[in-house]
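Asker: Sequence first, predicted model second:
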Amino acid sequence: MPRCKRPPTTRGSEHWLRVAVNDASAFTNAKIKVALGWRTQKRNEWRSSIKKDEYSEYFDDAFLDRLGIRKLEVPLDEFWPAGGPRWDGLARTSSGKILLVEAKAFTEESVDFECKAGSVSRKMICRALEQAKHAFKSNERANWESLFYQYANRLAHLQFLVSRNQIDGYLMFMCFANAPDVPSPCTGEYRKGADRLWRKCLGLGRHPYSRRDSTVVIDVPEMCDSCLVDDLRLWICLIDSLHREKQVEHAVRRRAKGPEAYPTGEIPQGNPPSVANAIGHMLYMNKCWKDSSVSMRSEGSA
């Protein structure tokens, strides 16, 4: 089965996609909703890259199986040879939409000078790219076989699923800005400019798949802050719940035993100190993360 189990720790776009999917899914899903223009919030069930699946990535027929696509009108092996794109992320929404994700964290990793397939496979790939190029109404002089080949083959797979197999598919290029662990971190505006560049190089303007193909830029510190907020809410809810239970215990105790339950006549009131401690700890951890980000950036530029 074309399934690639990934190491438990990694860096760059692979690491930040894991954070986006496993730790900040609410934040990520909201960004995707806006980027694709979905009017209602779709509940994304992430199928890859997820912790309980050993962060595995899928390709060939396995990525279709992972998304619950059991049968295609046009089989994948009639469109693309074995050893096709390995998808960084896969998701299926509550309404049955299919989401394919390609992740990047710095500009240089976007460049792929050429297809490295053998002569027979290359011929099949070139035919698929030419069909997709025509379907996307790309400029005929644009070269889809070099420089930005990785982007081109992802677009070709979108066209294959949507037009040739009537799958409700979407393609998301997920770009991480201000990632502290990459050779050359870039800002969100820089990432948006890079996105315009590769689309221009592939001869793309407004095309028939525009509502299905989009780029989302995720600021890494902002995403990590969202994880902090979610964790903080969880801590506060948990502590508040425990505190309420304690208050109920005090009330029951006093009612059962009368005044002798509390000789001073006082039932403990107010929020327990642990709430403040939890908030302080979470804010401290966030500061440590930001400090380490600055440190990593300094080391990278040294």
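Answerer: Done, it's in.
Asker: where along the stretch 51-200 of the chain do the strands fall?
Answerer: 57-58, 89-93, 98-104, 169-177 (DSSP state E, counting those that start in this stretch).
Asker: what's the angle between the third one and strand 89-93?
Answerer: What separates the directions of strand 98-104 and strand 89-93 is an angle of 150 degrees, with axes from the mean of the first three to the mean of the last three Cα atoms, to 10 degrees.
Asker: Which elements pack onto strand 98-104?
Answerer: Under the contact definition 3 or more Cβ pairs under 8 Å, 6 or more residues apart in numbering; DSSP states H and E, strand 98-104 sits against helix 12-18, strand 89-93, helix 149-165, strand 169-177. Using the backbone N, CA and C atoms, a C-beta is placed for each residue, glycine as well.
Asker: Pull the longest one out as PDB, backbone CA atoms only.
Answerer: Extracted as PDB, the C-alpha positions of helix 149-165 are listed here (Å, rounded to 0.1, in the frame of the first residue of the first chain):
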ATOM      1  CA  TYR A 149       6.300  21.100 -11.900                       C
ATOM      2  CA  GLN A 150       5.200  20.200  -8.400                       C
ATOM      3  CA  TYR A 151       2.400  22.800  -8.500                       C
ATOM      4  CA  ALA A 152       1.400  21.800 -12.000                       C
ATOM      5  CA  ASN A 153       1.000  18.100 -11.200                       C
ATOM      6  CA  ARG A 154      -1.200  18.900  -8.100                       C
ATOM      7  CA  LEU A 155      -3.400  21.100 -10.300                       C
ATOM      8  CA  ALA A 156      -3.600  18.200 -12.900                       C
ATOM      9  CA  HIS A 157      -4.800  15.800 -10.200                       C
ATOM     10  CA  LEU A 158      -7.500  18.300  -9.200                       C
ATOM     11  CA  GLN A 159      -8.700  18.500 -12.800                       C
ATOM     12  CA  PHE A 160      -8.700  14.700 -13.000                       C
ATOM     13  CA  LEU A 161     -10.800  14.300  -9.900                       C
ATOM     14  CA  VAL A 162     -13.300  17.100 -10.700                       C
ATOM     15  CA  SER A 163     -13.800  17.000 -14.400                       C
ATOM     16  CA  ARG A 164     -13.100  13.400 -15.300                       C
ATOM     17  CA  ASN A 165     -14.600  11.700 -12.200                       C
END
